[in-house]
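Here is my input; please provide its structure:
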Amino acid sequence: MGAMTIPAQLTVGFDLDMTLIDSRPGIKAAYQALSAETGTFIDADQAVTRLGPPLAEELAYWFPEAEIEVMADRYREIYPAYAIEPTPAMPGAREAIAAVQALGGRAIVVTAKHEPNARLHLSHLGIEPDAVVGWLWAEAKAGALREYGAQVYVGDHVGDVRGARTAGALSVAVPTGPCPEGQLREAGADVVLRDLTALPAWLEEYVRSGAA
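Here you go, the predicted model:
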């Protein structure tokens with residue numbers, strides 16, 4: 001059995017913030033703009049150390065509960081003007097997506113981010129997944145992963161590990177966000193790669209071994 005066997009529906013899911021994109025500079029700029037506009041102090045440097053969970057969780061540090069929904073809407077509204085341009089791709093992001101597609105597979109992005117803004121980031125950076133699903137965090141990501149039949153989910157946060165495990169997908173983690181390797185392994189990550197540059201070789205071996 002010398003030839004590589006590619007499953008009919010190899011599907012690999014990816015998180016967005018701190019997995020495919022380094023969203024810290026853009027999110028920091030958006031929080032600073034919201035702070036200036038509202039006159040409410042937001043420690044943007046602190047906020048970008050907690051990326052992953054839904055926006056409302058971060059806004060709760062800075063705004064009364066009654067204001068969070070309105071502030072979240074305003075943040076998402078101003079986000080494109082401040083956050084898209086300064087946000088780079090993570091090392092290996094384009095190549096990781098391309099590696100899935102080169103094997104005849106589908107690469108999907110499943111993120112907690114507001115979906116239109118997620119699409120703006122990907123378009124700006126020339127990253128072209130086969131599908132983008134937003135507004136899903138942690139275990140809730142499992143619905144989209146199951147819908148697309150994802151065998152693998154790649155993320156940087158323990159919430160991503162939980163999402164993968166809930167979906168019955170292999171959890172591949174990269175310690176490029178707020179969660180160090182030990183924390184990712186403790187949460188149940190099946191594989192921890194140093195970053196996305198290691199994904200193409202790992203994926204090829206995963207498919208070659210027939211694990212998919």
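
What residue spans form the domains of the chain?
11-22+88-208, 24-83 (automatic domain parsing).

Name the stretch among the ones you listed that sits most buried.
For the domains of the chain, the largest average neighbour count (mean count of other C-beta atoms under 10 Å) is found in domain 11-22+88-208, namely a mean of 20. C-beta: built from backbone N, CA, C; applies to glycine.

what about that one, average pLDDT?
Mean pLDDT, computed over domain 11-22+88-208, is 98.

Let me know the distance separating the closest residue to Phe63 other than its chain neighbours from Glu77.
In this structure, Phe63 finds its nearest non-sequential neighbour in Met71, 5.1 Å apart by C-beta to C-beta, 6 or more residues apart in numbering. Distance, Met71 to Glu77, using C-beta to C-beta, to the nearest Å: 10 Å.

What score does Met4 have for pLDDT?
Note on Met4: pLDDT of 50.

what's the first-to-last distance across stretch 136-143?
For stretch 136-143, the first-to-last residue distance is 9 Å (C-alpha to C-alpha, to the nearest Å).

now what about that stretch, what contacts it?
Residues outside stretch 136-143 that contact it (C-beta atoms under 8 Å, 6 or more residues apart in numbering): 13, 52-54, 110-112, 144, 153, 159-160, 162-164, 166-167.

Just the ones of the residues you listed in helices?
Using DSSP state H, the subset of the contacts of stretch 136-143 located in helices is 144, 159-160, 162-164, 166-167.

which helices and strands sit right next to the helix ranked longest in the chain?
Counting residues, the longest helix in the chain under DSSP H turns out to be helix 65-83. Secondary-structure packing of helix 65-83 (3 or more C-beta pairs under 8 Å, 6 or more residues apart in numbering; DSSP states H and E): helix 24-38, helix 55-59, helix 115-125.
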